[in-house]
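Undergrad: Sequence and predicted model, in that order:
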Amino acid sequence: MTATLTQALIVADSSWHSTRNLLSTWPPASQDSAPLLRFEPIDWQNARARGIKPWNWGVHSTRISDLETLVTAELPPGWMKSFPKLGQWPLAKAAHNWLKQIDKQPLEKALWITYPFYLELASQIKPDRLVYYNLDDYTLYWPQKADLVRLWEARTIERANWTICVAAERARQLRQTFPNHAHKILHVPHSAPEWTIPDQPFYAPGSPPIELKEIPQPILGYLGGLEDRLDWSLLIKIADRFPDASLLLVGPKPGLDGDHDWQLQARELLAKPNVYAPGGVSQHKIGDVYASFSVNLIPYLATHPFNHVCSPTKILDSMGSGRPTVTTALPESQIYRRLYQVEDSHDGFCDRIEILLKNDCRDGLEQTRWKYAFSRRSVVVMDALYRLTWAESLDDANRVLESVTPIG
C-alpha cells in the first residue's frame, strides 16, 4: 500500500497584504494537515526604516501555528536580484532546515514565487511543483532593469507548472507573449478578506472607526495610497460638484510635496474644505472603513501603466460591505460591471455619484455584492489556489477555476 504524501507549501514571499491576508486562512480546507513556510525578506535599508537595529538583522524563524512557520530576513540591498545565487542562499537554507523538521514522510513540496527573480530559490530548493503567483507587471517596479526582468519572467513561466495572475489583463499579456505556455497561465483574482464580510450587507453607511468619527456624512470615500495612480483631476471635480458631501481619502500620503502635475493637483484638492485625508488605517479596520462610506470610489487613472495591468485589492476588499462603488474603467474593474458602476468619463463618474446620492446611496445590488464576496472569501480562494498548485492537467485546473471564476 502506497503511503499518502504530505504536501507542503513554501511561499516566497508573503510581504504583500493581499498574499498575507490570503494565507491567514491556512490550512486549506482540502488538506487541513498541510504545512506552510512563508518568507518575508526585506533589505537593510527598509529594516532600518522600520526601526530594526543592525544587531538584530539576520534570518529569523517564528512558529505561527503547528502548521505554519514564518521566516523573516534582513538581507543586503539588491543581492537577491543582482547576486541571486548568493543572495537567496539564506532563504534556501532556512527552507531546507524547515523541511528537515517536518517529520511526516514521504513529502512533496510546492513553491509559490511572487517575483520572477525567486526562480533561483526554486533552483536551490528543487520543489516538486512551482507556481509563479504574478501580482503586477514587475518591469514597472524596476524600469532600469526591465530587460532583465523580462528574461527572468520568461524562464519562470517556462519552468513553472502554473502561472497564476491576479489581473486578467496581465494574464492576457503573458499568454500573448508566451503562446507556447498560454494554456498554463491562469487568472484568479484577489479574495475578499474574511474580516471585511459582515453577517449582512450594509444598506446604509455603518459606524466608522474612531479615527473617522468626525467626518460628516454623506461620505464619498477612497481607501488606498495617495499617489500618482489616482486621477487627481477627477477627484477635484468630485469635490467641487458635491460641496455638501465629504470626500474622504483614507491612506498613506507619500511624496505629496513635489512639483509633478499630480502633486500640484493633490495639494489643490487637499486644501478644499470638504476634503479629508486623515492617513492610513490597519488592515483589520478596512472592512469598517468601507462599510462607513456612503459611496465607495475607485478613482484610478485608467491610462496609468500600473493600473492597466493591476488587480486593485479594493475591488474585493470593499465588496463584502455591500456599499455601492463607482470606479473608473480599469480592465479589471470592467469584469464587475454587474456589481459596480464603471465609468469612462469624469462627467459620467460624477453623474453616477449624483444618482446614488439622490437614491439614499442604494442601488439594489447590496445583497448581490455581499453574496459574491462571501463566495470569494479568502478561505475559498486559498483552497482553490492550493488545489491548482497540485493540478496535473488543464482539465483539472478548469474544474478548480469553476468555483472561483469572476462574475461576468
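TA: In hand now; what should we look at?
Undergrad: Now do the strands for the stretch 301-408 of the chain: every range, in order, please.
TA: In the stretch 301-408 of the chain, strands defined by DSSP state E, counting those that start in this stretch lie at 325-328, 341-343, listed in chain order.
Undergrad: Need the winner for burial among those.
TA: Among those, ranked by average contacts under mean count of other C-beta atoms under 10 Å, first place goes to strand 325-328 (a mean of 26). Any C-beta I mention is one placed from the backbone N, CA and C, and that applies to glycine too.
Undergrad: Give me the mean pLDDT for that one.
TA: Strand 325-328 carries an average pLDDT of 98.
Undergrad: List the pairing partners of that strand within its sheet, with orientation.
TA: Under the criterion DSSP bridges, strand 325-328 sits next to strand 295-298 (parallel), strand 341-343 (parallel) in its sheet.
Undergrad: now the ones you listed in TSV, with mean pLDDT and distance to Asp395?
TA: Written out in TSV, the entries for the strands paired with strand 325-328 read as follows (pLDDT from 0 to 100; distance: least, C-beta to C-beta, whole Å):
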stretch	mean pLDDT	distance to Asp395
strand 295-298	98	35
strand 341-343	96	33
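Undergrad: Quick one: these as TSV, columns for distance to Leu5 too.
TA: Compiled in TSV, the strands paired with strand 325-328 are given as follows (distance: least, C-beta to C-beta, whole Å):
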stretch	distance to Leu5
strand 295-298	43
strand 341-343	45
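Undergrad: wait, which of the ones you listed is closest to Gln176?
TA: With C-beta to C-beta, the closest approach to Gln176 among those belongs to strand 341-343: 23.9 Å.
Undergrad: List of residues touching that closest one?
TA: Contacts of strand 341-343 with the rest of the structure, by C-beta atoms under 8 Å, 6 or more residues apart in numbering, involve 324-329, 333-334, 336, 349, 351-352, 356, 363.
Undergrad: Just the buried ones from those?
TA: When the contacts of strand 341-343 are checked for burial by 16 or more other C-beta atoms under 10 Å, the buried set is Pro324, Thr325, Val326, Thr327, Thr328, Ser333, Gln334, Tyr336, Phe349, Arg352, Leu356, Asp363.
Undergrad: what sits against the fourth one?
TA: Okay, so that is Thr327. Residues counted as contacts of Thr327 (C-beta under 8 Å, 6+ apart) are Leu297, Ile298, Pro299, Tyr300, Ile315, Ser333, Tyr336, Tyr340, Gln341, Val342, Glu343.
Undergrad: Quick one: list the elements packing against the helix or strand hosting Ala8.
TA: Taking DSSP states H and E as the definition, one finds Ala8 inside strand 6-12. In this structure, strand 6-12 packs against strand 36-43, helix 89-101, strand 107-113, helix 378-390, with contacts taken as 3 or more C-beta pairs under 8 Å, 6 or more residues apart in numbering; DSSP states H and E.
Undergrad: Can you give the distance from it to the centre of its chain?
TA: From the chain centre to the centre of strand 6-12 is a distance of 20 Å (C-alpha atoms, centre = their mean, to the nearest Å).
Undergrad: May I have the strands that pair with that strand, each with its orientation?
TA: Counting by DSSP bridges, strand 6-12 is paired with strand 36-43 (parallel), strand 107-113 (parallel).
Undergrad: Of all these, which one is nearest Ala171?
TA: Distance to Ala171, taken as C-beta to C-beta, is lowest for strand 107-113 among the strands paired with strand 6-12, at 16.3 Å.
Undergrad: Show me which residues of the following helix or strand past the closest one are buried.
TA: The C-terminal neighbour of strand 107-113 among helices and strands, as given by DSSP H and E, is helix 119-125. Burial within helix 119-125, assessed by neighbour count using 16+ other C-beta under 10 Å, is assigned to Leu119, Glu120, Leu121, Ala122, Ile125.
Undergrad: Give me the spatial nearest neighbour of the second one, chain neighbours excluded.
TA: Counting by C-beta to C-beta, 6 or more residues apart in numbering, Glu120 lies nearest to Pro84, which is 3.8 Å off, once chain neighbours are set aside.
Undergrad: burial of that neighbour, as a residue count?
TA: By the measure other C-beta atoms under 10 Å, the count of residues near Pro84 is 18.
Undergrad: One more: Arg20?
TA: Other residues within reach of Arg20, judged by other C-beta under 10 Å, total 17.
Undergrad: Please apply the same query to Asp317.
TA: Going by other C-beta under 10 Å, the residues that sit close to Asp317 add up to 26.
Undergrad: OK, contacts around it?
TA: Neighbours of Asp317 in contact, by C-beta under 8 Å, 6+ apart: Ala192, Pro193, Thr196, Leu223, Ile286, Gly287, Tyr290.
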